[in-house]
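Novice: fold the following and give me the result.
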Amino acid sequence: MNPVDLTRIPTADPLRAYRYRDGLYAADLVTAALVHLDFFTWLAANPSSVTGICTHFDFAERPVDVMMTLFVANGFVRRNGDVFHIADSGLEYLVADSPWSLAPYYRSLKDRPVTMDYLKVLKTGKPANWGAYDEGFDWHRSMEDESFARQFTAAMDCRGVLLGPAMAKALDLSRFSRLLDIGGGSGIYACSLVANHPGLSATVFDQASVEKIARTRVEELGFPDRVDVRAGDMLTQPLPEGYDLHLYSNVLHDWDVPEVRQLLAASFAALKPGGMLIIHDAIIGPEKDGPLPVAEYSAMLMHSTQGKCYSVNEYEALLSEAGFRGFTFQTTAADRGVMTAGKP
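Specialist: As a prediction, the model looks like this:
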């Protein structure tokens, strides 16, 4: 394998390769709604809000929010305020009594494991087993196991070799000196930022099962003098102090609103005054009508984690509640983007 240059971004378009993986479970969510629930037929007769859908089907709010965002992004459903209505494409192709209904076409997929998982996730709000394995834990429990943590961290590291430099090049960090990369995994994002911003040093803060992996990877990337690693639990321990820059890169999407609220409040408490928070993630647009690839990726997160892809407006509301001000957002690479917020 050639050495990694974290100051360089590849020239070829990565979107097709990324989108096959990120959107893998979206078809199963459509199948569950269409074949098992006849959801679109019901919605055509009963325009409804997320709350109304949850009440009628006895579903949990988080998975319904993700499902409806996916359906709006596809044009199957349209949103009018808080109320969802069937759109023309949904009426013609997804409603049972339409002569063009595709329900029979999808019916052959109805017993796929991930399709069946979605029926449980919609009911309980709890994630399914990672990868829809018959035996095992959801992603959060699995990460406590060192062998799983190694495998998963390696998978996220290979993604970060592209996403990290793209994020780093989108940001002006010239006035900052110390970065805390919270839930930083292998350290690929911390290393990407210090590689592109010479005045920056960093600490990767993650759970004990990842610590050795991160130390090894930081050394391989050539930054042991500028990036250190510290083990800790971001949800049960105060965040380390003395940093003027915090990063959550592909972290918050793994958690539900209470945990995101907790993490943002912890960052606000620990961050130096005048410091900045960075959220690097796949982020839904302010109207929650796309982008479609992000809505599809959110379906995967809803299946296997406690989280989802949050919208720009959802992040701004949570950041404001924590005390942050001065928000920015820009897209980076492979359907990802970066938000910043300042601590006054």
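Novice: what is the neighbour count of residue 316?
Specialist: Counted with other Cβ atoms under 10 Å, residues neighbouring residue 316 total 17. Backbone N, C-alpha and C define where each C-beta goes, glycine included.
Novice: confirm it sits in a strand?
Specialist: No: with DSSP: H, G, I helix; E, B strand; the rest coil as the criterion, residue 316 is helix rather than part of a strand.
Novice: surely it touches residue 327?
Specialist: Yes: assessed by Cβ atoms under 8 Å, residue 316 is found in contact with residue 327 at 5.3 Å.
Novice: dump the residue contacts of residue 25.
Specialist: Neighbour list for residue 25: 114, 296, 299, 300, 303 [criterion: Cβ atoms under 8 Å, 6 or more residues apart in numbering].
Novice: then residue 200?
Specialist: So residue 200 contacts 173, 176, 177, 178, 179, 193, 194, 226, 245 (Cβ under 8 Å, 6+ apart).
Novice: quick one: residue 93 and residue 151, what's the gap?
Specialist: Residue 93 sits 39 Å away from residue 151, going by Cβ to Cβ, to the nearest Å.
Novice: let me fix that, I meant to ask about residue 100.
Specialist: When residue 100 is compared with residue 151 (using Cβ to Cβ), they lie 44 Å apart.
Novice: do residue 48 as well
Specialist: Separation of residue 48 from residue 151 (Cβ to Cβ) stands at 41 Å.
Novice: now do residue 279
Specialist: 26 Å.
Novice: span of stretch 83-93 from start to end?
Specialist: 21 Å (Cα to Cα, to the nearest Å).
Novice: try stretch 320-329
Specialist: Terminal-residue distance, stretch 320-329 (Cα to Cα): 15 Å.
Novice: out of residue 48 and residue 151, which sits in the busier spot?
Specialist: Applying other Cβ under 10 Å to residue 48 and residue 151 shows that residue 48 carries more neighbours, namely 19 against 11.
Novice: tell me the pLDDT of that one.
Specialist: Looking at residue 48, its pLDDT reads 98.
Novice: which of the residues in stretch 236-249 are buried?
Specialist: Across stretch 236-249, burial judged by 16 or more other Cβ atoms under 10 Å covers 239, 243, 244, 245, 246, 247, 248, 249.
Novice: which of the residues you listed fall within strands?
Specialist: Among the buried residues of stretch 236-249, the ones falling in strands (DSSP state E) are 245, 246, 247, 248, 249.
Novice: turn these into a markdown table, columns for pLDDT and distance to residue 40.
Specialist: Formatted as a markdown table, those follow (pLDDT from 0 to 100; distance: Cβ to Cβ, whole Å):
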| residue | pLDDT | distance to residue 40 |
| --- | --- | --- |
| 245 | 98 | 46 |
| 246 | 99 | 42 |
| 247 | 98 | 40 |
| 248 | 98 | 36 |
| 249 | 98 | 36 |
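Novice: which one of those is nearest to residue 126?
Specialist: Residue 126 has its nearest neighbour among those in residue 248, at 22.6 Å by Cβ to Cβ.
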